[in-house]
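Peer 1: kindly generate the corresponding structure for this input.
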Amino acid sequence: MSQDHNQSLAPMPDTGRRRFLNTAAVSLAGAGLAVGLAACKQDATATPAVAGAAPGAAPAAHGGSEYSVAPGQLDTYYMFSSAGHAGDVRVFGLPSGREFKRIPVFNTDCMIGWGITNESKAIIGTNPDGTVKYNTGDTHHLHPSYTDGTYDGKYLFVNDKINCRLARVRLDTMECDKIAQLPNIQGFHGTFPDKRDPVDSSINHTTRVFCGAEFSVPLPNFGKGIDDVAAYRSLFTCVDAESMEVRWQVLIDGNCELVATSYDGKLAATTQYNTEMGTSFPDMMSAEWDSCLFFNIARIEQAVKDGKVKTYGDSKVPVVDGTKAANTDPKTAFTCYVPIPKNPHGVNISPDGKYYACAGKLSPSGSLIEHEKVLKWFEGELKEPRETVVAEPDLGLGPLHTAFDGRGNAYTTLFLDSQIVKWSIDGAIKAYQGDKNATVVLDRLDVHYQPGHGFTSMGETRECDGKFLVSDNKFSKDRFLPVGPLHPETSQLIDISGDKMVIVHDNPVSSEPHDSIIIRREIIRPVKIYNLDDFPNAVKEHKDSGVFRDGNKVTVKLISQAPAFSLPEFRVKKGDEVTIVLTNLDKIEDLTHGFAIQRYNINFIVNPQETKSVTFKADKAGVFWCYCTHFCHAMHMEMRSRMIVEA
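Peer 2: Just a heads-up that it's a prediction; the model follows:
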């Protein structure tokens, strides 16, 4: 962001801003979200606005150069973002904020051919007639795999809240390679991979992915017991990171929300905002406290090994009983329910592995839970789970998610205040212990508007570097040129390297960025050209291309090599089941080809040395041109073939 651009931004009157915020707050309060918020202490002022610039904008002295990327230069970080109900994953560069790619996962994509090609259908899953089982999704949370407590650049895991699936994206190709269906649950919201094996300390990388179910249902959910809402239950699920098979589930009281994992592999945690297991809004608001729920992974897996499990319906996944009634003795318990203020939204572990930060939407405070104290509870050394809480600082209105800078500071998003609050972990602990002179809140920064997730560079690893924080905001009123009723949302880059937070630029983003991860670029090692031998059906030589018939099933083997397809035409008969196998034999980086068939709803791309296939019924007789959709050569327009369907 340049200095000139900074200076061109007209200051936004605080009254207008507050009028917008108050309107939003009033509407939310009408739904019951204002409960308990009046107790918030505004004990630190917001970062003052720079003269001649928008509140919180980068000072003119910065000149913007350190936050921009010159033409021909590369960004310092990758940022991966879940896209909410768009169903995909977005790839950005930081500090530029440029969007590089959208990775289709739970959505269909007519450029990539995701949901069209046979290979993508096999990953997504199909109905008996070959149609895609689900063509929509809701990606909320995504997290990469770990080695030695930091990202290893191997995988990215992302959830689908609508259809209860967990997807895995390969970070070398930045393409989804597996999707797992989770049984017995609905509303799969939070997910997080483990960082180390809970039993074998020599295994220092991700082997499991934990998944939390938000909505309770009858078990099994086959149409019986639908009116007995008191019997509805949620389950916590463990998926094998390599096979993507479901390992086990835990039956719990209350629901799951977001998930975190410890650095030693021993614990997984999830926040619970509906411990009442209510099915209506009033029912969800009746309890005074909710929970952060911890799972003792080694004990759970031993119970599975010992066969102390049950199953539900037609699922063969073993289920361990993690309810309170079945876990009264801490020394044998699988679960620990830590009471925290009402309606928490998110749990995050500090880079040193010592603390879990939670925040309740209906309380102006955050809760800090000490990892070692949770382990002590499981050993019977504490009387009550509540003794694991070591701090509860007043933060502001509507606290949601917490990120860290690796210097002992935490950054929590305040949805109702439209702020990021920076606070001292050590100061919060001292204040909780009674030190009235302890400084807790260090800084406040207005963001625009209503932040959801906030996340720092390398912030969920031991290598947290404390350079940048990104605030993904749910509203962007007056920030960008209007584009109709559906506004873009705002992703704001914030410099957190100094004592004061500074917004350095805004990026408009397509709805809805939900959660993001910032990774140093050297960790990600993308391939530039595929290995031809990785595709068993590859058409490796021109002599292998042609039309091959087996009854009414026809296989057309094609090669794309700029600027031509290997077959100028191919013939099939009306009613044939046609499979087209296309291999891109070009070995030049960035030389991708496309393949589309007129009026047959076929469109996909093949990257250098890649093979894809599609299967369809030739139900229309005539001549149908096939052409390359992805610009590849000076003679790109001439790159065609004809599909002739004989009546």
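Peer 1: residue 175 and residue 117: what is the separation?
Peer 2: Distance of residue 175 to residue 117, computed by CB to CB, to the nearest Å: 11 Å. The C-beta positions use only the backbone N, C-alpha and C, and glycine is treated the same way.
Peer 1: mind listing the shared neighbours of those two?
Peer 2: Among the neighbours of residue 175, none is also in contact with residue 117 (CB atoms under 8 Å, 6 or more residues apart in numbering).
Peer 1: so those two - more neighbours on which side?
Peer 2: residue 117 (24 against 18; other CB atoms under 10 Å).
Peer 1: please name the nearest non-neighbouring residue to that one.
Peer 2: Distances taken as CB to CB, 6 or more residues apart in numbering place residue 612 nearest to residue 117, at 4.6 Å, with adjacent residues excluded.
Peer 1: does the one you found count as helix, strand or coil?
Peer 2: strand (DSSP: H, G, I helix; E, B strand; the rest coil).
Peer 1: tell me how far it lies from residue 545.
Peer 2: With the distance defined as CB to CB, residue 612 ends up 15 Å from residue 545.
Peer 1: repeat that for residue 625.
Peer 2: 18 Å.
Peer 1: and residue 376, by the same measure?
Peer 2: In terms of CB to CB, residue 376 sits 67 Å off from residue 545.
Peer 1: neighbour count winner among residue 625 and residue 545?
Peer 2: More crowded of residue 625 and residue 545, by other CB under 10 Å: residue 545, with 20 against 13.
Peer 1: pretty sure that one contacts residue 561?
Peer 2: No. Here residue 545 lies out of contact with residue 561, judged by CB atoms under 8 Å, at a distance of 10.5 Å.
Peer 1: if we can go back for a sec, so how many other residues sit close to the residue nearest to residue 117?
Peer 2: Neighbour tally, residue 612, other CB under 10 Å: 23.
Peer 1: just the helices in the stretch 251-400 of the chain please.
Peer 2: Remark: helices assigned in the stretch 251-400 of the chain by DSSP state H, counting those that start in this stretch are 281-284, 297-305, 371-378.
Peer 1: how far does the longest one sit from its chain's centre?
Peer 2: Think helix 297-305. How far helix 297-305 lies from its chain's middle: 27 Å, per CA atoms, centre = their mean, to the nearest Å.
Peer 1: one more: the last one?
Peer 2: Per CA atoms, centre = their mean, the displacement of helix 371-378 from the mean C-alpha position of its chain is 28 Å.
Peer 1: next, the buried residues of that helix.
Peer 2: For helix 371-378, a neighbour-count test (16 or more other CB atoms under 10 Å) marks 371, 373-375, 377-378 as buried.
Peer 1: between the residues you listed, which is nearest residue 343?
Peer 2: Sorting the buried residues of helix 371-378 by distance to residue 343 puts residue 374 at the head of the list, at 21.4 Å, by CB to CB.
Peer 1: show me the helices in this structure, by range?
Peer 2: 3-8, 14-29, 118-124, 281-284, 297-305, 371-378, 425-432 (DSSP state H).
Peer 1: only alpha carbons, please: show the longest strand anywhere in the chain as PDB.
Peer 2: Longest strand of the chain, by residue count under DSSP state E: strand 150-160. This file holds the C-alpha atoms of strand 150-160, laid out as PDB (Å, rounded to 0.1, in the frame of the first residue of the first chain):
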ATOM      1  CA  THR A 150       5.600 -26.700  12.800                       C
ATOM      2  CA  TYR A 151       4.000 -26.900   9.400                       C
ATOM      3  CA  ASP A 152       5.700 -29.500   7.100                       C
ATOM      4  CA  GLY A 153       4.200 -28.500   3.800                       C
ATOM      5  CA  LYS A 154       2.600 -31.900   3.200                       C
ATOM      6  CA  TYR A 155      -1.100 -31.700   3.700                       C
ATOM      7  CA  LEU A 156      -3.900 -29.200   4.500                       C
ATOM      8  CA  PHE A 157      -7.100 -30.600   6.100                       C
ATOM      9  CA  VAL A 158     -10.400 -28.800   5.700                       C
ATOM     10  CA  ASN A 159     -14.000 -29.600   6.900                       C
ATOM     11  CA  ASP A 160     -17.400 -29.600   5.300                       C
END
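Peer 1: helices or strands up against that strand?
Peer 2: strand 142-147, strand 165-170, strand 186-193, strand 516-520 (3 or more CB pairs under 8 Å, 6 or more residues apart in numbering; DSSP states H and E).
Peer 1: and those: which comes nearest residue 407?
Peer 2: With CB to CB as the criterion, residue 407 lies closest to strand 516-520 of the helices and strands packed on strand 150-160, at 16.4 Å.
Peer 1: so that closest one versus strand 150-160, what angle?
Peer 2: 160 degrees (axes from the mean of the first three to the mean of the last three CA atoms, to 10 degrees).
Peer 1: any idea how many residues pack against the closest residue to residue 501 other than its chain neighbours?
Peer 2: Leaving aside its sequence neighbours, residue 501 sits nearest to residue 445 (CB to CB, 6+ apart; 4.2 Å). Residue 445: 25 surrounding residues under other CB under 10 Å.
Peer 1: is it true that residue 445 touches residue 420?
Peer 2: Yes. In terms of CB under 8 Å, residue 445 counts as a neighbour of residue 420; the distance is 4.8 Å.
Peer 1: what residues are shared contacts of those two?
Peer 2: Joint contacts of residue 445 and residue 420 (CB under 8 Å, 6+ apart) are 494, 501.
Peer 1: wait, residue 429 sits on residue 368?
Peer 2: Yes. Using CB under 8 Å, residue 429 is in contact with residue 368, at 6.9 Å.
Peer 1: and these two? which has more neighbours close in?
Peer 2: Using other CB under 10 Å, the more surrounded residue of residue 429 and residue 368 is residue 368, with 25 against 18.
Peer 1: list the contacts for the more buried one?
Peer 2: 355-357, 389-393, 425, 428-429, 432.
Peer 1: start to end distance for stretch 508-524?
Peer 2: 25 Å (CA to CA, to the nearest Å).
Peer 1: equivalent analysis for stretch 473-483, please.
Peer 2: End-to-end distance for stretch 473-483: 17 Å, by CA to CA.
Peer 1: what's the spacing between it and its chain's center?
Peer 2: Counting by CA atoms, centre = their mean, stretch 473-483 comes out at 23 Å from the chain centroid.
Peer 1: list the buried ones in that stretch?
Peer 2: Within stretch 473-483, the residues scored as buried using 16+ other CB under 10 Å are 473-476, 479.
Peer 1: widest-spaced pair of those?
Peer 2: Based on CB to CB, the longest span within these runs between 474 and 479 and measures 12.2 Å.
Peer 1: give the residue spans of the stretch 301-450 of the chain that score low on pLDDT.
Peer 2: For the stretch 301-450 of the chain, applying pLDDT under 70 flags no range at all.
Peer 1: now with 80?
Peer 2: Residues of the stretch 301-450 of the chain that meet the criterion pLDDT under 80 lie in 360.
Peer 1: please enumerate the strands of it.
Peer 2: In the stretch 301-450 of the chain, the strands defined using DSSP state E, counting those that start in this stretch lie at 319-321, 335-340, 344-349, 355-360, 366-370, 389-391, 399-404, 409-414, 419-424, 441-446.
Peer 1: and the ones you listed as TSV, adding distance to residue 185?
Peer 2: Shown next, in TSV, are these (distance: least, CB to CB, whole Å):
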stretch	distance to residue 185
strand 319-321	11
strand 335-340	17
strand 344-349	19
strand 355-360	22
strand 366-370	25
strand 389-391	28
strand 399-404	23
strand 409-414	27
strand 419-424	33
strand 441-446	37
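Peer 1: span of stretch 259-270 from start to end?
Peer 2: First residue to last in stretch 259-270 (CA to CA) measures 4 Å.
Peer 1: what do you get for stretch 579-599?
Peer 2: OK, stretch 579-599 end separation, CA to CA: 16 Å.
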